[in-house]
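Asker: model this:
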Amino acid sequence: MAEDRCEDTAAKAPAEPPKPGGRMVKCVKFDREMEGLERIPWKGELGKRIYENVSKEAWKLWIEHSKMIMNEYRLKPLDPQSQKIMEEQMEQFFFGEGARLPEGYVPPKAKS
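Answerer: Below is the predicted model:
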């Protein structure tokens, strides 16, 4: 999932119709008009960029990806250094080449 690009994920996005009055954005992750977030999800300029350019569906992808980052890097949510790492990863996930996986990361085996 960390290597997903817009063209890779566009087919995976559910085609849910937006709620009446829902805010639409041109999602940077899915490269199409989709329902936007209801509020700014992060502090500062990055939060504003995400609010203006990221759909609810792309944000859900980030939430799942961020759980892996928090666990693999053993980050603490209230630690300023951990927050800085999360912000860097978020920037890469939405606006960069995609977040890098931690060195030595092995994805969990699928349950059968």
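Asker: all contacts plus neighbour counts: C-alpha atoms, from now on.
Answerer: Noted.
Asker: Kindly confirm my reading that residue 33 is in a strand.
Answerer: Yes. Inclusion of residue 33 in a strand is indicated when DSSP: H, G, I helix; E, B strand; the rest coil is applied.
Asker: Wait, it touches residue 27, no?
Answerer: Yes. Using C-alpha atoms under 8 Å as the test, residue 33 is close enough to residue 27 to be in contact (6.1 Å).
Asker: what about residue 55, how many neighbours?
Answerer: Here the neighbour count serves as a burial measure; for residue 55 (other C-alpha atoms under 10 Å) it reads 26.
Asker: do you know how far the closest residue to it other than its chain neighbours is from residue 64?
Answerer: With C-alpha to C-alpha, 6 or more residues apart in numbering as the criterion, residue 55 has its nearest non-adjacent residue at 4.3 Å, and that residue is residue 36. Here residue 36 is placed at a distance of 18 Å from residue 64 (C-alpha to C-alpha, to the nearest Å).
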